[in-house]
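Peer 1: let me see the structure of the following:
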Amino acid sequence: MTGAPPPSSHLAPPEADQFYAESLRILRESGIPFLVAGTFAVNCYTGINRATKDLDIFCKAGDFPRILLHFQERGFETEIEDERWIAKVRRGQCFFDVIFSSAVAVVPITDAWFKESHPALYYGVEVQLTPPTEMIWSKALLQLRHRYDGADVAHIMLKQADRIDWRRLLNHMEQYWEVLLMHVLNFRFIYPTERDNVPRWLYEELLERARMHADLPIPQTKVCRGRLFSPVDYEVDVKQWGFADIIGAAQPASGVGS
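Peer 2: As a prediction, this is how the structure comes out:
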């Protein structure tokens, strides 16, 4: 079983630690499938001792209402921040995120995420970590000005290469194979002596796709896919430069947040 990082890695105050420990026990006792992600999972997989100050829970979209209702019945407050991908469970100032997709709704959490077992102890509770394959997929598109998860992807490729299902990762990223190629090239640049961590067949498959695309005609629709990386940083492209948008801006519902 993967061990938790040493206590020095926690930044949460005592009341938050108590909240997280109680929440994990309630989640475990509920029987609702969930996975732990975020910094704790990265620390477990890489050995990095990066400070953790929150709790990220992954679940399927069909299970997030069950989790919220389960906690409501026990006196917790809940909110749906964005029904496309995230909700929260609160008690006072403490909360944890319930995540069932990505901010741009292209990384849905499915049964495939639960097929492997990666146990760990977190706050003394036995939990399942998000598998390394899906950890990479969940982070691959996070390329905002103030947050870039490429280093996490590279570190997981370095430390968990034998536990990554590379064919499943390619299947997840089939429509976004160029992004996977970016991360593979990034890894090879960062760790030239470890480049064989990425299977040769995958590297050659991605390069062949790039070669084929070079001979294709230019698409007829001007699309800015940068919005998948950062809706804010590429906002000018769709508002002023004539590129088609592929995601919608998150706006508060009427009467919410006013």
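Peer 1: which residue ranges of the chain form helices?
Peer 2: Along the chain, the segments classed as helices by DSSP state H run 14-30, 38-46, 64-72, 132-139, 150-159, 166-172, 177-190, 200-214, 226-229, 235-239.
Peer 1: highest average neighbour count across those helices?
Peer 2: The highest mean neighbour count among these, using mean count of other C-beta atoms under 10 Å, belongs to helix 132-139: a mean of 25. For the C-beta atoms, the positions are set from N, CA and C on the backbone; glycine is no exception.
Peer 1: helices and strands around that one, which ones?
Peer 2: Applying 3 or more C-beta pairs under 8 Å, 6 or more residues apart in numbering; DSSP states H and E, one finds that helix 132-139 makes contact with helix 38-46, helix 150-159, helix 166-172.
Peer 1: need the CA coordinates for it. CSV is fine.
Peer 2: Coordinates of each C-alpha in helix 132-139 appear next as CSV, following Å, rounded to 0.1, in the frame of the first residue of the first chain:
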residue,chain,number,x,y,z
PRO,A,132,-1.3,6.9,-13.1
THR,A,133,-2.8,6.6,-16.6
GLU,A,134,-5.8,8.7,-15.8
MET,A,135,-3.7,11.1,-13.6
ILE,A,136,-1.9,12.0,-16.8
TRP,A,137,-5.1,12.4,-18.8
SER,A,138,-6.6,14.5,-16.1
LYS,A,139,-3.6,16.9,-16.2
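Peer 1: and that helix, what's its mean pLDDT?
Peer 2: The average of the pLDDT scores along helix 132-139 is 97.
Peer 1: what's the closest of the helices of the chain to Leu55?
Peer 2: Closest approach to Leu55 among these (C-beta to C-beta): helix 14-30, 5.0 Å.
Peer 1: what about the residue nearest to Pro132 when sequence neighbours are not counted, distance to Asn186?
Peer 2: By the measure of C-beta to C-beta, 6 or more residues apart in numbering, the closest residue to Pro132 outside its immediate chain neighbours is Gln160, 4.0 Å from it. The spacing between Gln160 and Asn186, counted by C-beta to C-beta, to the nearest Å, is 16 Å.
Peer 1: rewinding a little: mind putting the helices and strands packed on helix 132-139 into CSV with mean pLDDT and distance to Arg91?
Peer 2: As requested, those are arranged in CSV below (pLDDT from 0 to 100; distance: least, C-beta to C-beta, whole Å):
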stretch, mean pLDDT, distance to Arg91
helix 38-46, 94, 19
helix 150-159, 97, 29
helix 166-172, 97, 34
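Peer 1: make JSON lines out of these and add distance to Met212.
Peer 2: JSON lines is the format used below for the helices and strands packed on helix 132-139 (distance: least, C-beta to C-beta, whole Å):
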{"stretch": "helix 38-46", "distance to Met212": "34"}
{"stretch": "helix 150-159", "distance to Met212": "25"}
{"stretch": "helix 166-172", "distance to Met212": "16"}
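Peer 1: if we can go back for a sec, need the helices of the chain in a markdown table with distance to His118, can you?
Peer 2: Shown next, in a markdown table, are the helices of the chain (distance: least, C-beta to C-beta, whole Å):
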| stretch | distance to His118 |
| --- | --- |
| helix 14-30 | 15 |
| helix 38-46 | 8 |
| helix 64-72 | 20 |
| helix 132-139 | 8 |
| helix 150-159 | 12 |
| helix 166-172 | 14 |
| helix 177-190 | 21 |
| helix 200-214 | 22 |
| helix 226-229 | 27 |
| helix 235-239 | 37 |
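Peer 1: which secondary element of this structure has the worst mean pLDDT?
Peer 2: Least confident element among the helices and strands of the chain, by mean pLDDT, DSSP states H and E: helix 226-229 (a mean of 90).
Peer 1: so which elements touch it?
Peer 2: Here helix 226-229 is seen to pack against helix 235-239 when contacts are counted using 3+ C-beta pairs under 8 Å, 6+ apart.
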